[in-house]
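[1] Quick one: sequence and predicted model below, then my questions.
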Amino acid sequence: MNTLQVQLFGGFALRYGDRPVLLNKVESSKAARLLQMLLAALPEGIAKNELIDNLYGWDERIDAVSRNRNLNNVIYRLKGILTSAGLPSGRFVEVSDGICQFTSRIPVQSDAGVFEKAVMDARGEEEPAKRLALFEKANQLYTGELLPMNIACQWIFERNNYYKELYVSTIRELEKEYRRRSDYMNLLNIYARAAAIYPYENWQVQQIRCNLETYRYKEALEIYNQTMEMYARDMGSPPTEEMQKCFEELQMRDAYHREVRSVSNWNTMDKIFMGQEGNVIKTIFENDDVAGAYYCTYPSFVDHCRVLVRNRKRHDPRAMLLFLTLTRCGRHDAQRQMDVLKEAIGCSLRKGDTYTRYGNHHFILMLTDINKEDCGIVFGRIEDNYRRMSSGAGELWYHAAMTQELEEAIHGM
């Protein structure tokens with residue numbers, strides 16, 4: 001007999017035998033949400049009152065009888081939807097003693113249920129090799145958050161947290177065993193999976209630290225830079241303080257610094273650092289005759305701006321901050337247009353100017369030795385280059401302010 005396969009992690013999909021079960025345009029309807037909650041609650045089911053509250057919310061104008069009638073109508077509608085989608089006819093929803101359950105004469109298997117069982121099997125295994133293998137299997141079965149399209153539903157949110165905690169527990173179990181075995185490649189793999197599923201929960205820090213422990217400095221730096229770009233692009237903010245500490249540690253650890261562990265006196269330490277001079281010069285000074293503005297990540301941009309503002313006491317650099325916004329750009333096209341705009345800015349400014357990306361639709365520019373009146377000319381140059389490169393897609397807006405004015409405004413608050 002065919003099995004109804006249910007995907008709940010990372011999205012919602014049904015498969016009966018070797019073909020998908022298509023619900024057409026009802027995925028966001030109450031009938032679909034009812035189905036998702038019932039399938040996520042297998043095999044125990046969910047309290048009818050809890051189901052009604054999450055489907056309809058609380059409205060004192062609607063009495064209990066009406067709410068029950070509304071649920072019964074949705075249950076009846078769901079039966080027709082599933083039968084029309086090609087599933088063998090049946091009751092599908094059973095209500096008994098105040099509990100609603102999904103019921104079917106065909107076997108049902110969900111990825112969430114398989115994952116949960118795998119974790120429990122791993123926890124119950126005492127033989128070390130089998131226990132490790134079971135936790136590895138469980139870790140691979142988790143592919144994303146539970147029903148992310150309906151995560152705002154309180155019941156789904158709480159259920160999602162339960163599965164997330166199970167997933168994190170598999171990571172903790174695996175990292176203990178991998179570290180005991182010095183199996184850093186597998187350790188890196190589980191951190192990479194976690195960072196892909198939860199990119200804003202600092203798993204990149206674990207990736208960086210693991211790379212540092214294995215002297216993979218280039219890989220650690222790539223992860224750091226990618227994370228910085230992601231935070232600036234998607235959140236308009238720098239990564240956490242822990243990530244910043246990782247970067248400082250990364251900067252201090254290179255091939256020469258491995259010798260520091262065996263340093264016996266300060267003279268040896270001095271020789272090690274003196275040997276870095278060539279590397280430092282190569283890093284600071286660019287070889288090519290560069291043109292155009294300097295692009296940097298948001299935290300680096302902040303540091304650069306702070307130095308310029310501090311230097312005002314020695315000489316006035318006439319520094320201007322120009323805030324540039326891209327609007328009227330389709331959601332799916334925004335990323336590509338921001339890449340085009342980044343290139344347009346770079347070739348429109350002088351090589352002494354600096355800029356960074358801030359969120360999904362903004363860039364911030366630091367311009368020196370310029371008057372506020374000239375910012376319009378700079379913006380016009382950027383806009384012309386952007387239009388030429390993008391065939392006119394998107395619309396640009398800007399706002400310019402002197403750093404001195406902004407600083408005075410902040411201190412006056």
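    Looks like it came in fine. Here the structure is a predicted model, which means the values were calculated and not measured. Residues are numbered from 1 along each chain as shown.
[2] Which other helices and strands does the lengthiest helix in the chain contact?
    Secondary structure assigned by DSSP state H gives helix 154-181 as the longest helix of the chain. Helix 154-181 sits against helix 30-40, helix 48-56, helix 111-124, helix 128-141, helix 184-197, with contacts defined as 3 or more C-beta pairs under 8 Å, 6 or more residues apart in numbering; DSSP states H and E. Yep, even glycine has a C-beta here, placed from its N, CA and C like the rest.
[3] make it 6 Å
    In terms of contacts (3 or more C-beta pairs under 6 Å, 6 or more residues apart in numbering; DSSP states H and E), helix 154-181 is packed against helix 128-141, helix 184-197.
[4] can I get those helices in a markdown table with distance to residue 381?
    Below are the helices and strands packed on helix 154-181 laid out as a markdown table (distance: least, C-beta to C-beta, whole Å):
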| stretch | distance to residue 381 |
| --- | --- |
| helix 128-141 | 52 |
| helix 184-197 | 39 |
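[5] Now that we have those helices, can you turn them into JSON lines and tack on mean pLDDT?
    Shown next, in JSON lines, are the helices and strands packed on helix 154-181 (pLDDT from 0 to 100):
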{"stretch": "helix 128-141", "mean pLDDT": "96"}
{"stretch": "helix 184-197", "mean pLDDT": "95"}
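[6] can you list the ones you listed in a markdown table and add mean neighbour count?
    As requested, the helices and strands packed on helix 154-181 are exported to a markdown table (neighbours: other C-beta atoms under 10 Å):
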| stretch | mean neighbour count |
| --- | --- |
| helix 128-141 | 17 |
| helix 184-197 | 18 |
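[7] quick one: which of those helices is nearest residue 149?
    helix 184-197 (15.9 Å; C-beta to C-beta).
[8] what's the angle between that closest one and helix 128-141?
    30 degrees (axes from the mean of the first three to the mean of the last three C-alpha atoms, to 10 degrees).
[9] could you check the angle helix 154-181 makes with helix 184-197?
    Using the same axes, to 10 degrees, helix 184-197 lies at 160 degrees relative to helix 154-181.
[10] Show me what helix 184-197 is packed up against.
    Looks like helix 184-197 contacts helix 154-181, helix 203-213 (3+ C-beta pairs under 6 Å, 6+ apart).
[11] hey, least reliable of the ones you listed by pLDDT?
    Note on the helices and strands packed on helix 184-197: lowest mean pLDDT is at helix 203-213, with a mean of 90.
[12] If you average the pLDDT over the following helix or strand past that one, what comes out?
    Using DSSP states H and E, the helix or strand that directly follows helix 203-213 along the chain is helix 217-234. Averaged across helix 217-234, pLDDT comes to 82.
[13] quick one: low-confidence ranges for the stretch 201-350 of the chain?
    For the stretch 201-350 of the chain, the stretches with pLDDT under 70 are 235-241, 244, 247-290, 312-317, 330-332.
[14] try it again with 90
    201-202, 209, 211-293, 296-321, 326-339, 350 (pLDDT under 90).
[15] before we move on, the earlier item: deepest of the helices and strands packed on helix 184-197, which one?
    Of these, the one with the most neighbours on average (mean count of other C-beta atoms under 10 Å) is helix 203-213, at a mean of 21.
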